[in-house]
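In: Quick check, what structure comes out for this input:
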Amino acid sequence: MRRHPRGGEAGGRQVSPSAKGAAVGRGIGIGLMYGLWKPRVLGAWRVPAAGPVILAVNHAHNLDGPMLMGTAPRPVHFLIKKEAFVGPLGPFLEGIGQVKVDRSSADRAAITGALGLLADGGVLGIFPEGSRGEGDFASLRAGLAYFAVRSGAPIVPVAVLGSNERSGRLIKGLPPLRSRVDVVFGDAFQAQEGVRSSDKGGGGRREGGSGRRTRRALDDATVRIQERLTAHLENARRLTGRSATLE
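Out: Okay, the predicted model is just below:
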């Protein structure tokens, strides 16, 4: 894996997200998710087999990230809030290739690390709503558009449905053991119009030039992304016969 000298943590220690670690994390996720629940995965073939890609996931439950790690066809590096990196969980998350991000400011180390792993052809997982909520893509932060436009990587929308419909008896904060959780992958798309993906599965490129990164361009990309994510969520609900939130 190519090293990115500016990647890693602010404060001196340079850390690049580990591709091997993410592969280990995927193996752990497969064992836990399929061992404890019954994931039903639809459309995983829509994730490009190679090259950079961003998975944009709705976020209604803490289980959504691990569920995607265990059901995605490729290892995933998630942007995860720094508050989760506490105690022994911190070294574990770093060890499986996850990216710590400080949401209170423009975290340059996290940005550099995420763009670096995309440049290396990796898979970046993002909760575009910024934090756990209704899981309906109603409010998006600009981070997803920035990474998509800056890297040219295609976005694959992902809907995780059923993770928060009811609580289990043994552990109230988790779905009932052996219950079904649906993970629905949508068609890949580019954040900007006029950009097409590389024939070799690489990042997108604009006809006649690179993607624009002006504030207006990012705002337009955010609107386009939200429309595509919302449409995918509605389609996923129809396909599975369920909703993303509690009724």
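In: In space, what's closest to residue 96 - neighbours in sequence excluded?
Out: residue 25 (3.1 Å; CB to CB, 6 or more residues apart in numbering). Backbone N, C-alpha and C define where each C-beta goes, glycine included.
In: does the one you found sit in a helix or strand, and which one?
Out: If you go by DSSP states H and E, residue 25 is part of helix 19-36.
In: Check residue 100 too.
Out: With DSSP H and E as criterion, residue 100 is part of strand 99-101.
In: Would you mark the buried spots in the next helix or strand after that strand?
Out: Next along the chain after strand 99-101, taking DSSP H and E as the criterion, comes helix 108-119. If you call a residue buried by 16 or more other CB atoms under 10 Å, then helix 108-119 has these buried ones: 109-119.
In: and which of the residues you listed is nearest to residue 76?
Out: residue 117 (10.2 Å; CB to CB).
In: thinking the residue nearest to residue 96 is in contact with residue 74, fair?
Out: No: using CB atoms under 8 Å, residue 25 is not in contact with residue 74, being 11.6 Å away.
In: Neighbour count: these two, which is higher?
Out: Per other CB atoms under 10 Å, whichever of residue 25 and residue 74 has more neighbours is residue 25, with 24 against 17.
In: Report pLDDT for the more buried one.
Out: For residue 25, the model assigns a pLDDT of 97.
In: Report the central residue of this protein.
Out: residue 125 (1.9 Å; CA atoms, centre = their mean).
In: which helices and strands does the strand holding residue 100 pack with?
Out: Packing contacts for strand 99-101, counted by 3 or more CB pairs under 8 Å, 6 or more residues apart in numbering; DSSP states H and E, involve strand 77-81, helix 89-95, helix 108-119.
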